[in-house]
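The following block contains a protein sequence and its predicted model.
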Amino acid sequence: MEIRINGVGAMGHGEARCFEFPRNGRTAQGFLIRYHDGYHAYLNQCQHWPVPLDLGDGDFFYDKADRIVCKTHGAAYKADTGECDSGPCVRASLDKYPVARHEDHVLVTVPD
Ligand code: FES
């Protein structure tokens with residue numbers, strides 16, 4: 001299934017947009033983040049506990065650490081790969097979804 005997210009050209013470095021999709025009979029939330037000139041999409045769930053990374057505020061990126069940071073216990077994930085390299089879930093990775101850029105929108109492919 002593809003999720004279309006419009007207006008991505010206006011996103012700044014570290015800015016994110018959340019989106020929802022059906023997953024295992026429930027509604028899951030993902031997020032698209034711009035990291036330098038690239039766009040990356042992940043499931044909004046920490047690999048440590050089953051909680052959203054942002055605690056619902058839509059703010060994922062911590063500039064000083066140059067990482068996506070979980071607001072519950074501080075796990076830090078590389079924004080371009082989703083790999084955790086600091087905190088309670090080192091070596092785990094966020095669920096990453098393919099992103100295709102088309103001018104001012106992207107298509108995120110999430111599992112059916
Ligand atoms: S819940 Fe994310 S680091 Fe603990």
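Yes, it's here.

what residues does stretch 94-108 touch?
Identification of contacts with stretch 94-108 by Cβ atoms under 8 Å, 6 or more residues apart in numbering yields 2-9, 19, 30, 32, 39-43, 45, 47, 53, 68, 77, 81-82, 84, 109-111. Where you see a C-beta, it was placed from the backbone N, CA and C, and this is true even at glycine.

of those residues, list those near the ligand.
Taking Cβ under 6 Å from any ligand atom as the test, the ligand is in contact with none of the contacts of stretch 94-108.

From those, list just the buried residues.
Neighbour counting with 16 or more other Cβ atoms under 10 Å marks 3, 5, 8, 19, 30, 32, 39-43, 45, 47, 53, 68, 77, 82, 84, 110 as buried within the contacts of stretch 94-108.

gap between the spatially most central residue of the chain and the ligand?
Centroid-nearest residue in the chain, with Cα atoms, centre = their mean: residue 42, separated by 3.6 Å. Noted for residue 42: a distance of 13 Å to the ligand, by Cβ to the nearest ligand atom, to the nearest Å.

Tell me what that residue is bridged to.
Going by DSSP bridges, residue 42 is paired in beta bridges with residue 31, residue 96.

need the contact list for it.
Taking Cβ under 8 Å, 6+ apart as the test, what residue 42 contacts is 30-31, 33, 68, 77, 82, 94-97.

again, 6 Å this time
82, 94, 96 (Cβ atoms under 6 Å, 6 or more residues apart in numbering).

separation between it and residue 103?
23 Å (Cβ to Cβ, to the nearest Å).

Thought residue 62 was touching residue 54, still the case?
No. Using Cβ atoms under 6 Å, residue 54 makes no contact with residue 62, being 10.9 Å away.

For the residue nearest to residue 11 when sequence neighbours are not counted, grab the count of nearby residues.
Among residues not flanking residue 11 along the chain, residue 34 sits closest, at 4.3 Å (Cβ to Cβ, 6 or more residues apart in numbering). Other residues near residue 34 come to 21 when the count uses other Cβ atoms under 10 Å.
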